[in-house]
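K.L.:
Give me coordinates for this.
(2 chains)
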Amino acid sequence: MSGNKVEEDPRINGIKTKIRVVPDFPKKGIMFQDITTVLLDPKAFKDTIDLFVERYRDKNISVVAGIEARGFIFGPPIALAIGAKFVPLRKPKKLPGETIFEEYELEYGNDRLEMHVGAVDAGDRALVVDDLIATGGTLCAAINLLERVGAEVVECACVIELPELKGRQRLKGKPLCMLVEYRC
Amino acid sequence: MQTLISPFVSHSLRLAPPLPRNSLLNNYHQASPIRLSSHFSTTSLRLFNSGAAAAASRDSEMTTEDGKDPRIAKIASSIRVIPDFPKPGIMFQDITTLLLDTEAFKDTIALFVERYQGRGISVVAGVEARGFIFGPPIALAIGAKFVPMRKPKKLPGKVISEEYSLEYGTDKMEMHVGAVEPGERAIIIDDLIATGGTLAAAIRLLERVGVKIVECACVIELPELKGKEKLGDAPLFVLVSSA
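P.N.:
Just a heads-up that it's a prediction; the model follows:
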């Protein structure tokens, strides 16, 4: 049950070539994977969404949870196409109603991910979506939030994986589906 | 489907005391007492746009007597109002409950797509962060690119930026250099228009690089804050007007 790469679909290469790598952002030594250039190409953006929708449409997914902010770009189109609710997972103090939070580690210090109380029900089958998985800390926090309210996390879906950071191992055994790998 | 609405009716939805108008400055304010109804909504339901006649001839779904699209009522009732967020006196319009209602979310997107498809719009610009939720599905459906308009330092690479006023101080909005080209036709999406400051900044950014703003589109308008007046020549289209 390990994650896989939506094997060798011909649309993948078109998406990969649209990702822009920006060196030294947000700081020196980091090769930032910029997906905004994928969004500028309607075909590449559509293909990205279609690949995920084709994978999840028959899996009875009732919740797509998207991680602020780039998960908000990919999550809703998937949710709409598969008939699932969309649940935003946000930085602290953005969600107006009653929330639960999960802390996670940054390079220096901690941050929090919040979810609205009542958004997800026990028994919901959930997908977690973000543009990219690096260390897996944020995704792990998302999985924790969903499991705490009794949802079943079926899979995590990301456009890009940085496999050298081993985020895949931090997903509490949940599978990861990604489209494009980036190795330094 | 999802019944998130009902638990919150009995929850701490208290009436905030009405605030005197002269203390409001640019704040949201409680314009009228909350009417607790089975719909759990204080919003009045008007299909509001500045080109009503043109829109009416284009909208094939306006079957109710008063011209309102029947999908609007469900959308309006799916929006949750949270008093005193982010601070006392503000009645926050929470669209996250709309996103939990698959029919309402689908209808929201459909209403915008029906309005904008086939009009040569090549750019959908979405304002961070809730504009990121509504913009991309519209962009995908009409075959346009999606351009995120972001808070400072989030976009990697070269950006142009535009300052705009907050109640206290200023903030900046950024857009990638090269994301859009002169002559492109754009719509700008956000979940809500209040004072119009953010949308006005987005308009300025796009116009600086020669883009034509066809319309600004929001799910919700707070008309008493007169945000429409800040948009210059750009028309405004909203689904729900919340007095």
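
K.L.:
Provide the secondary structure category for residue A:16.
P.N.:
With DSSP: H, G, I helix; E, B strand; the rest coil as the basis, residue A:16 sits in helix.

K.L.:
Tell me how many other residues crowd it.
P.N.:
Using other CB atoms under 10 Å in any protein chain shown, residue A:16 has 16 other residues around it. C-betas here are computed from N, CA, C, even on glycine.

K.L.:
List the buried residues of the longest helix along chain A.
P.N.:
Longest helix in chain A, counting residues (DSSP state H): helix A:42-56. Neighbour-count burial for helix A:42-56 flags A:42, A:44-52, A:55-56 (criterion: 16 or more other CB atoms under 10 Å in any protein chain shown).

K.L.:
could you dump the helix or strand following that helix to PDB, C-alpha only?
P.N.:
Next helix or strand after helix A:42-56 toward the C-terminus (DSSP states H and E): strand A:63-67. The C-alpha coordinates for strand A:63-67 follow below in PDB (Å, rounded to 0.1, in the frame of the first residue of the first chain):
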ATOM      1  CA  VAL A  63     -14.000  15.100   2.100                       C
ATOM      2  CA  VAL A  64     -11.200  16.800   0.200                       C
ATOM      3  CA  ALA A  65      -9.100  18.700   2.800                       C
ATOM      4  CA  GLY A  66      -6.800  21.300   1.300                       C
ATOM      5  CA  ILE A  67      -3.900  22.900   3.000                       C
END
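
K.L.:
confidence score at residue 65?
P.N.:
Using chain A. Per-residue confidence (pLDDT) for residue A:65: 98.

K.L.:
other chain: chain B
P.N.:
The model reports residue B:65 with a pLDDT of 56.

K.L.:
And residue A:77, its phi and psi?
P.N.:
Main-chain torsions, residue A:77, degrees, to the nearest 10: phi -60, psi -40.

K.L.:
ok, it touching residue A:49?
P.N.:
Yes. Judged on CB atoms under 8 Å, residue A:77 makes contact with residue A:49 at a distance of 4.6 Å.

K.L.:
can you list residues touching both of those two?
P.N.:
Jointly contacting residue A:77 and residue A:49 under the rule CB atoms under 8 Å, 6 or more residues apart in numbering or on different chains are residue B:140.

K.L.:
sorry, back to before: the buried residues of helix A:42-56 into a markdown table, with extra columns for pLDDT and distance to chain B?
P.N.:
Shown next, in a markdown table, are the buried residues of helix A:42-56 (pLDDT from 0 to 100; distance: CB to the nearest CB, whole Å):
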| residue | pLDDT | distance to chain B |
| --- | --- | --- |
| A:42 | 98 | 5 |
| A:44 | 98 | 10 |
| A:45 | 98 | 6 |
| A:46 | 98 | 6 |
| A:47 | 98 | 11 |
| A:48 | 98 | 10 |
| A:49 | 98 | 6 |
| A:50 | 98 | 10 |
| A:51 | 98 | 13 |
| A:52 | 98 | 12 |
| A:55 | 98 | 17 |
| A:56 | 98 | 14 |
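
K.L.:
Chain B versus residue A:19, what's the distance?
P.N.:
12 Å (CB to the nearest CB, to the nearest Å).

K.L.:
Buried residues, stretch A:117-134. List them.
P.N.:
Across stretch A:117-134, burial judged by 16+ other CB under 10 Å covers A:118-120, A:124-134.

K.L.:
I'd like to know which of those is nearest to chain B.
P.N.:
Taking CB to the nearest CB as the measure, residue A:118 is the one of the buried residues of stretch A:117-134 closest to chain B, at 5.3 Å.

K.L.:
got a list of contacts for whatever helix or strand residue A:86 lives in?
P.N.:
Assessed by DSSP H and E, residue A:86 sits inside strand A:85-89. Here strand A:85-89 makes contact (CB under 8 Å, 6+ apart) with A:62-68, A:71-72, A:75-76, A:79-80, A:95, A:113-116, A:119-120, A:128, A:142, A:145, B:2, B:96, B:99-102, B:105, B:133.

K.L.:
Specify the next element, helix or strand, located C-terminal of that strand.
P.N.:
Next along from strand A:85-89, by DSSP H and E: strand A:99-105.

K.L.:
anything in stretch B:218-237 near chain A?
P.N.:
No. Judged by CB under 8 Å from any CB of the partner chain, stretch B:218-237 stays clear of chain A, getting no closer than 13.0 Å.

K.L.:
so for that stretch, what's the average pLDDT?
P.N.:
In this model, stretch B:218-237 has a mean pLDDT of 97.

K.L.:
dump the residue contacts of residue A:104.
P.N.:
A:110-113, A:137-138, A:140-141.

K.L.:
Select from the residues you listed every entry located in helices.
P.N.:
Counted as lying in helices by DSSP H, out of those, are A:137-138, A:140-141.

K.L.:
Considering those residues, which is situated nearest to residue A:25?
P.N.:
Checking the ones in helices among the contacts of residue A:104 against residue A:25 by CB to CB gives residue A:138 as the nearest, at 18.0 Å.

K.L.:
Apart from its neighbours in sequence, what residue is nearest the closest one?
P.N.:
When the adjacent residues along the chain are set aside, residue A:138 lies closest to residue A:67, with 5.7 Å between them (CB to CB, 6 or more residues apart in numbering or on different chains).

K.L.:
which residues touch residue B:106?
P.N.:
Residue B:106 neighbours (CB under 8 Å, 6+ apart): residue A:80.

K.L.:
in chain A, which ranges drop under the pLDDT threshold?
P.N.:
Within chain A, the segments meeting pLDDT under 70 span A:1-7.

K.L.:
Quick check, pLDDT for residue B:40.
P.N.:
On the pLDDT scale, residue B:40 is placed at 35.

K.L.:
what are the ranges of the helices in chain B?
P.N.:
Taking DSSP H as the criterion, chain B contains helices spanning B:52-58, B:70-77, B:96-99, B:102-116, B:131-142, B:197-208.

K.L.:
Over to the residue of chain A most remote from its centre. Which of the three states is it?
P.N.:
Going by CA atoms, centre = their mean, the residue of chain A most distant from its centre is residue A:28, 24.8 Å out. What three-state DSSP gives for residue A:28 is coil.

K.L.:
any idea how far chain B is from it?
P.N.:
In this view, residue A:28 and chain B are 13 Å apart by CB to the nearest CB.

K.L.:
circling back: okay, the buried residues of helix A:42-56 in CSV with distance to residue B:218 next?
P.N.:
Below are the buried residues of helix A:42-56 laid out as CSV (distance: CB to CB, whole Å):
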residue, distance to residue B:218
A:42, 23
A:44, 27
A:45, 22
A:46, 25
A:47, 29
A:48, 26
A:49, 23
A:50, 28
A:51, 31
A:52, 27
A:55, 33
A:56, 30
